[in-house]
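A.B. asks: With the input below, show me the fold.
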Amino acid sequence: MRDTWQRLSPREQRLVAIAAVIVLAGVAWIGVWLPIKADIARLARDVPRAESLATTARAQADDIVALARAPVAARDFGARRHAP
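C.D. replies: Okay, the predicted model is just below:
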C-alpha cells in the first residue's frame, strides 16, 4: 500500500486524499447525521403522545391512591356502581 502511494505523483496523492475526505464525509452523513435527523423527527412526533399517556397514568395513579385511602364501604359502592 505504501509503495503504491509513493508511486503516485504529488498531484495524484492530493486527489486521492481529497476523494478520501469526500467519501468519509459521505459515510458520516449517511451513517451519523441521517439517523440522528430521523430520530429527532420521530421524537418530535412521539413525545407529545408520551406526555399525554404520562398525564393519564398520573391521574389514574392518583385515583388508585384515593381509592386505597377510602373507607371499605366507599370502595364497595364504587365497585357496584361501575358494574354492568
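A.B. asks: Pass me the low-pLDDT residue ranges in the chain, would you?
C.D. replies: Within the chain, the stretches with pLDDT under 70 are 73-84.
A.B. asks: Tell me where this structure has helices.
C.D. replies: Secondary structure of the chain by DSSP state H: the helices cover 2-7, 10-28, 34-69, 72-82.
A.B. asks: Could you dump the ones you listed into JSON lines and include mean neighbour count?
C.D. replies: To be clear about C-beta, it is placed using only N, CA and C from the backbone, and glycine gets the same treatment. Below are the helices of the chain laid out as JSON lines (neighbours: other CB atoms under 10 Å):
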{"stretch": "helix 2-7", "mean neighbour count": "8"}
{"stretch": "helix 10-28", "mean neighbour count": "10"}
{"stretch": "helix 34-69", "mean neighbour count": "10"}
{"stretch": "helix 72-82", "mean neighbour count": "10"}
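A.B. asks: Now do Ala70: how many residues are near it, please.
C.D. replies: 13 (other CB atoms under 10 Å).
A.B. asks: Tell me the spacing between it and Gln60.
C.D. replies: Distance, Ala70 to Gln60, by CB to CB, to the nearest Å: 15 Å.
A.B. asks: Also Leu34?
C.D. replies: Distance from Leu34 to Gln60, by CB to CB: 39 Å.
A.B. asks: do you know how far Arg11 is from Ala19?
C.D. replies: From Arg11 to Ala19 the distance is 13 Å (CB to CB).
A.B. asks: Could you do Arg2 as well?
C.D. replies: 18 Å.
A.B. asks: do Pro48 as well
C.D. replies: Look at Pro48 and Ala19: by CB to CB, they are 44 Å apart.
A.B. asks: I am finished for the moment; much appreciated.
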